[in-house]
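Sequence plus the predicted model coming up.
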Amino acid sequence: MGGTATFRGTTTLPAESTATASAGYRSQLLNFTDSAWSTTTNGPVAQTWRLYAVEHSNDTANPTSTLSFQFQNGAGAATPTVLSIEQTGNIDVAPTQTFPGTIASVTATSPVTATTSSGAVSLGLNTSALETTLNALYPQLGTGNVFKSYIEAVQSGGPLTSAVIGAGTNGSTGVFGASDTGLGVYGNVVTPKDGESAILGSTGKAFTFSHTYSNLGSEVSNHIAGVWGDTTGNPNAGQYEKAAGILGTADSWYAGAPFITTVPLRQRCMRRLWETAAQSRGWQRSVMRSRAMPQEESVC
């Protein structure tokens with residue numbers, strides 16, 4: 001039939017056959033053919049588009065169908081389905097099809113990882129690379145760290161009521177301070193209470209003090225100190241194992257040298273006793289000296 005045709009009513013392209021349990025059948029084909037000149041064959045080439053319905057899930061409780069397009073170039077074989085519409089309305093396109101705004105690929109910078117599949121992007125994190133990156137920038141919990149500026153810690157309560165807690169094991173030092181020209185360790189109490197000190201050193205179990213310290217008389221407990229030393233005794237048995245609340249040693253000059261501006265009578269007497277005891281034991285370099293030398297030693 002040539003020319004224009006008008007169909008008043010339904011035009012049906014029936015299935016090629018009736019389905020059975022073993023096979024389903026597609027509809028008859030509706031072909032759209034054009035003709036193009038090919039310089040390869042030096043002749044015309046028929047290019048055909050085919051539209052047809054094809055069955056899916058034959059011999060199941062829920063068989064389905066799609067409206068599919070095929071393309072055939074000349075006498076060659078028809079290509080697989082290039083476009084189809086499911087009975088749900090979903091449109092299936094070729095895997096190479098792209099749409100405006102579709103993400104084709106993503107490039108991630110370590111430690112972030114990224115993959116792209118059908119326009120969907122999956123992001124991940126390489127934890128090993130992340131640790132390597134962050135270790136060069138931030139302090140680590142499992143190793144030592146060197147800080148180029150000061151560290152400030154503030155605490156008003158909590159375990160041991162300490163802002164900074166240092167603990168050493170196997171002979172190591174809990175807290176160590178060093179300086180080239182300043183103070184290695186500095187302690188200060190702005191408004192000390194009676195019996196408190198800026199730095200308290202003790203031996204024995206942590207926060208367990210000597211009987212003397214724990215049972216200070218009212219007069220002594222009213223004292224405060226810049227440095228206070230305390231010991232519960234030397235746990236090591238032996239003839240020369242002694243204990244001292246504060247111990248100073250020196251290769252020359254004085255192992256201890258307090259300078260006192262005002263010397264109350266009791267302090268003069270205690271100083272005199274210390275000097276006498278030190279000299280009697282041959283501890284010449286341990287003798288303490290004061291800026292104001294007491295002249296009333298006969299009082300003691």
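Alright, I've got the coordinates. All of these numbers come straight from a predicted model, not from anything done at the bench. Residues are numbered from 1 along each chain as shown.

how many neighbours does residue 66 have?
By other CB atoms under 10 Å, the residues close to residue 66 number 20. Every C-beta, even on glycine, is put in place using the N, C-alpha and C of the backbone.

in what helix or strand does it lie?
Assigned by DSSP states H and E, residue 66 falls within strand 64-73.

That strand: which residues count as buried?
Of all the residues in strand 64-73, those buried under the rule 16 or more other CB atoms under 10 Å are 65-66, 68, 70-72.

Just the buried positions in the longest strand along the chain, please.
With secondary structure taken from DSSP state E, the chain has its longest strand at strand 43-56. Counting neighbours by 16+ other CB under 10 Å, one finds that the buried residues in strand 43-56 are 49-50, 52-55.

quick one: which of the residues you listed is nearest residue 112?
Using CB to CB, the shortest approach to residue 112 within those belongs to residue 54, at 43.5 Å.

Next one, pLDDT for that closest one please.
Per-residue confidence for residue 54 comes out at a pLDDT of 94.

Run a quick check on it versus residue 26, I expect a contact.
Yes. At 4.3 Å, residue 54 counts as touching residue 26 under the criterion of CB atoms under 8 Å.

just to revisit the earlier point, quickly name whichever of the buried residues of strand 43-56 is closest to residue 99.
Sorting those by distance to residue 99 puts residue 49 at the head of the list, at 21.3 Å, by CB to CB.

contacting residues around that closest one?
Residues in contact with residue 49 (CB atoms under 8 Å, 6 or more residues apart in numbering) are 31-33, 69-71.

ok, which pair from the residues you listed is furthest apart?
The two members of the contacts of residue 49 with the most space between them (CB to CB) are 33 and 69, at 13.7 Å.

what about the strands in the stretch 101-250 of the chain?
When assigned using DSSP state E, counting those that start in this stretch, the strands of the stretch 101-250 of the chain occupy the ranges 112-117, 120-125, 197-203, 225-231.

before we move on, back to that, residue 124: which of the buried residues of strand 43-56 is nearest?
residue 54 (39.3 Å).

List the beta-bridge partners for that closest one.
For residue 54, the beta-bridge partners under DSSP bridges are residue 66.

What are the contacting residues of stretch 57-66?
Counting by CB under 8 Å, 6+ apart, the neighbours of stretch 57-66 from elsewhere in the structure are 19, 21-24, 53-56, 81, 84-87, 92.

Quick one: buried ones out of these?
The neighbour-count test (16+ other CB under 10 Å) applied to these identifies 24, 53-55, 81, 84 as buried.

which of those residues lies closest to residue 37?
For those, with residue 37 as the reference and CB to CB as the criterion, the closest is residue 81, at 27.7 Å.

Which helix or strand contains the closest one?
When elements are assigned from DSSP H and E, residue 81 belongs to no helix and no strand.

Likewise for residue 10?
Assignment of secondary structure by DSSP H and E places residue 10 within no helix or strand.
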